[in-house]
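In: starting from these lines, generate the structure:
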Amino acid sequence: MTRIFYGHFFRTTNSTMPILKQSKKRVKQTKVKQARNYNVRTALKKAIRGVNDAVKSGNKSEAEKMLSVAYKKIDTAVKKNIMKKNTGARRKSVLAKKIAGLSA
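Out: As a prediction, this is how the structure comes out:
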């Protein structure tokens, strides 16, 4: 534990910088993985948002086009262990039900 002086009081923290070479490497690897996961998650959210926007506007053909993109993004997230398999299946099912509820 380290004690850090903040103005008029000390604060105790458990966070320390890594000392071992492998630990330093893991910190770097984690940052790279976080960036990759962030990109996949944001692309996934944009795809799902696209489907939801198309459903709200009532455009079934546009929603179906966006659905295939969303399916691909969901499958990619599941494959990269960003999302669990059942969660991916549930999200796909919810999107399909929304589109099925639209009238032609």
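In: just the element for residue 52, please.
Out: If you go by DSSP states H and E, residue 52 is part of helix 21-57.
In: just the angle for the helix or strand following that helix relative to helix 21-57, thanks.
Out: The first helix or strand that comes after helix 21-57 along the chain, using DSSP H and E, is helix 60-79. Between helix 60-79 and helix 21-57, the angle comes out at 160 degrees (axes from the mean of the first three to the mean of the last three C-alpha atoms, to 10 degrees).
In: tell me what helix 60-79 is packed against?
Out: Applying 3 or more C-beta pairs under 8 Å, 6 or more residues apart in numbering; DSSP states H and E, we find helix 60-79 packed against helix 21-57, helix 85-100. For the C-beta atoms, the positions are set from N, CA and C on the backbone; glycine is no exception.
In: JSON lines please, covering these and showing mean neighbour count, distance to residue 77 and mean pLDDT.
Out: Compiled in JSON lines, the helices and strands packed on helix 60-79 are given as follows (neighbours: other C-beta atoms under 10 Å; distance: least, C-beta to C-beta, whole Å; pLDDT from 0 to 100):
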{"stretch": "helix 21-57", "mean neighbour count": "13", "distance to residue 77": "5", "mean pLDDT": "93"}
{"stretch": "helix 85-100", "mean neighbour count": "14", "distance to residue 77": "7", "mean pLDDT": "96"}
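In: give me the most central residue, the protein.
Out: residue 41 (2.7 Å; C-alpha atoms, centre = their mean).
In: gap between that one and residue 20?
Out: Remark: distance between residue 41 and residue 20 (C-beta to C-beta, to the nearest Å) = 30 Å.
In: that older thread, export the helices and strands packed on helix 60-79 to JSON lines and append columns for distance to residue 69.
Out: Formatted as JSON lines, these follow (distance: least, C-beta to C-beta, whole Å):
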{"stretch": "helix 21-57", "distance to residue 69": "5"}
{"stretch": "helix 85-100", "distance to residue 69": "11"}
